[in-house]
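Asker: Model the following, please.
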Amino acid sequence: MELLKVKNLTKSFDNKLILEDINLSISSGKIIGLLGKNGAGKTTLIKLINDLLTPDTGEILINGNKIGVETKKVISYLPERTYLNKQMKVSEVINYFEDFYDNFDPGKAKRLLKDLDLNINQKLSKMSKGMQEKVQLVLVMSRNADLYILDEPLGGVDPATRDYILDTILSNFNENAGVIISTHLISDIERILDEVIFIDKGKIALQSDADKLRNKEKASIDEIFRRMFKC
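Answerer: I've put the predicted structure just below:
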């Protein structure tokens with residue numbers, strides 16, 4: 001069964017078409033790069049999958065189930081902007097996640113925080129933006145989810161930390177799960193991608209196996225993207 005299936009999905013705001021007749025299918029065990037320029041519709045698509053927006057037409061299925069309460073239980077979502085209460089200590093946020101999500105592993109969260117040299121007793125308000133983003137990513141990857149959706153997970157961190165984060169993503173999901181990463185930092189993430197989806201002006205411009213695409217075009221994913229969209 002497909003992990004994620006999107007059928008004939010359309011979404012508009014104020015009579016402006018943002019997504020038009022989106023169709024795509026994603027299997028378990030894959031890390032997928034959702035790639036496109038600003039305003040292409042990536043975040044809108046992600047919010048629809050997370051049931052934060054309602055489509056005008058079309059359908060989204062997770063493990064064959066329509067989007068709703070049950071699918072939210074199996075999706076672990078990292079939004080582009082932090083949503084955590086900055087007056088809380090990291091330890092308090094861990095306790096909150098443990099109470100809220102049945103599939104949250106506090107032991108894993110504490111190990112990852114230690115690896116990133118983050119103080120579990122520190123308030124989020126006392127942390128830099130990059131440190132807060134690391135905490136949020138740790139929380140997301142410490143859930144035993146079926147689908148991880150990461151919207152710009154590398155934006156506020158240094159290059160060395162990016163490598164650790166990518167390795168964390170690689171090592172913290174199993175073959176029955178999938179990961180969707182939306183990012184502008186294509187060259188940083190392409191080594192871990194199994195598939196890529198290029199989205200342009202609200203439409204799927206390309207969906208391909210990453211290695212096959214590289215071999216066909218004799219170029220990196222980053223180079224192919226720049227070529228297609230003339231960046």
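Asker: For the helix or strand of the chain with the lowest mean pLDDT, buried residues please.
Answerer: Least confident helix or strand, the chain: helix 159-171 with a mean of 80, by mean pLDDT, DSSP states H and E. If you call a residue buried by 16 or more other CB atoms under 10 Å, then helix 159-171 has these buried ones: Thr161, Arg162, Ile165, Leu166, Thr168, Ile169. Heads up, the C-betas are built off the backbone N, CA and C, glycines and all.
Asker: I'd like those laid out as a markdown table, including distance to Glu175.
Answerer: Converted to a markdown table, the buried residues of helix 159-171 look like this (distance: CB to CB, whole Å):
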| residue | distance to Glu175 |
| --- | --- |
| Thr161 | 26 |
| Arg162 | 24 |
| Ile165 | 21 |
| Leu166 | 18 |
| Thr168 | 17 |
| Ile169 | 14 |
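Asker: give me the element Ile18 is part of.
Answerer: In the assignment (DSSP states H and E), Ile18 maps to strand 16-26.
Asker: what's the distance between that strand and the middle of its chain?
Answerer: 17 Å (CA atoms, centre = their mean, to the nearest Å).
Asker: Quickly run through the sheet partners of it, with directions.
Answerer: The strands beside strand 16-26 in its sheet (DSSP bridges) come out as strand 4-13 (antiparallel).
Asker: Work out the gap between the partner strand and the centre of the chain.
Answerer: Average the C-alpha atoms of strand 4-13, do the same for its chain, and the two points are 17 Å apart (CA atoms, centre = their mean).
Asker: Need the contact partners of that strand.
Answerer: By CB atoms under 8 Å, 6 or more residues apart in numbering, the surrounding residues in contact with strand 4-13 are 17-26, 41, 44-45, 48-49, 53, 55-62, 64, 147, 178, 180.
Asker: residue ranges with poor pLDDT in this protein?
Answerer: Within the chain, the stretches with pLDDT under 70 are 1, 156, 231.
Asker: could you list every residue that touches Leu147?
Answerer: Residues touching Leu147, when contacts are defined by CB under 8 Å, 6+ apart, comprise Leu3, Leu4, Ile62, Val74, Ile75, Ser76, Ala177, Gly178, Val179, Ile180.
Asker: Give me the secondary structure label for the last one.
Answerer: Here Ile180 is recorded as strand under DSSP: H, G, I helix; E, B strand; the rest coil.
Asker: Wait, it touches Leu150, no?
Answerer: Yes: using CB atoms under 8 Å, Ile180 is in contact with Leu150, at 7.0 Å.
Asker: which element is Ser187 on?
Answerer: For Ser187, the enclosing helix or strand under DSSP H and E is helix 186-189.
Asker: The residue nearest the centre of the chain in helix, strand or coil?
Answerer: The residue lying closest to the centre of the chain (CA atoms, centre = their mean) is Leu150, at 1.8 Å. Under the three-state scheme (three-state DSSP), Leu150 adopts strand.
Asker: Bridge partners for it, pull those for me.
Answerer: For Leu150, the beta-bridge partners under DSSP bridges are Leu78, Ile181.
Asker: Pull the contacting residues for it.
Answerer: Leu150 makes contacts with Leu78, Leu137, Val140, Ile169, Val179, Ile180, Ile181, Ser182, Thr183, as judged by CB under 8 Å, 6+ apart.
Asker: Distance check, it against Lys129.
Answerer: Leu150 sits at a distance of 17 Å from Lys129 (criterion: CB to CB, to the nearest Å).
Asker: what's the burial count for the residue lying closest to Tyr96 once chain neighbours are set aside?
Answerer: Spatial nearest neighbour of Tyr96, excluding adjacent residues (CB to CB, 6 or more residues apart in numbering): Met88 at 7.4 Å. Residues contacting Met88 under the criterion other CB atoms under 10 Å number 15.
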